[in-house]
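Student: I'll drop the sequence and a predicted model, then ask my questions.
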Amino acid sequence: MDFKAQIIEDLKVFHNPGEFAEMMCIWYDGKQYEVPAVLDHMTGTDRQKPGGDNAEGIYRAEAMLYISHADIGIVPKKGREIEIEEAGAVSCYTIEKSSYEAGEIVLELGAYTE
């Protein structure tokens, strides 16, 4: 088996809901997708406050979303919004970076939250 074929086989395991992924409802560009995905939350950081901004308790939430291109059929675009249902609540993120390689879509997501 060559290197690319091995990557494809490894991604099948990574995107398998019985292994690492979870079935998630995702809304993008007016369409709903129910796909296996891996959502990795990063530590929230204090928001950089410009001078005169008095909004206390607002944090920047960041996450990485991994989806198989075969499951969603498109590559979401940077700067667009994406909504993800997590634990019964829908969170809205902005796509800060979108990349596609070897059948996998990796999205860097950002949002402001309390």
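Tutor: That came in fine, so what should we check first?

Student: show me where the protein has strands.
Tutor: Remark: strands assigned in the chain by DSSP state E are 22-28, 31-46, 59-68, 81-86, 89-101, 104-113.

Student: Not including adjacent chain positions, what is the nearest residue to the most centrally placed residue in the chain?
Tutor: The centroid of the chain falls nearest to residue 65 when counting by Cα atoms, centre = their mean (2.4 Å). Leaving aside its chain neighbours, residue 65 sits nearest to residue 107 (4.3 Å; criterion: Cβ to Cβ, 6 or more residues apart in numbering). Bear in mind the C-beta positions are built from the backbone N, C-alpha and C, glycine included.

Student: Is the one you found in contact with residue 84, as I believe?
Tutor: No: here residue 107 lies out of contact with residue 84, judged by Cβ atoms under 8 Å, at a distance of 9.9 Å.

Student: So the two - more neighbours on which side?
Tutor: The neighbour comparison of residue 107 against residue 84 (other Cβ atoms under 10 Å) goes to residue 107, with 27 against 20.

Student: Quick check: the more buried one vs residue 9, distance?
Tutor: 23 Å (Cβ to Cβ, to the nearest Å).

Student: circling back to that earlier point, who touches both of residue 107 and residue 84?
Tutor: Common neighbours of residue 107 and residue 84 (criterion: Cβ atoms under 8 Å, 6 or more residues apart in numbering): residue 65.

Student: before we move on, back to that, my read: the residue nearest to the centre of the chain touches residue 104, true?
Tutor: No: in this structure residue 65 lies outside contact range of residue 104 using Cβ under 8 Å: 10.8 Å.

Student: count of neighbours near residue 40?
Tutor: For residue 40, the neighbour count with other Cβ under 10 Å is 10.

Student: OK, contacts around the nearest residue to it once chain neighbours are set aside?
Tutor: Nearest in space to residue 40, with sequence neighbours left out and distances taken as Cβ to Cβ, 6+ apart, is residue 64 at 4.5 Å. Neighbouring residues of residue 64 by Cβ under 8 Å, 6+ apart: 39-40, 42, 106-109.
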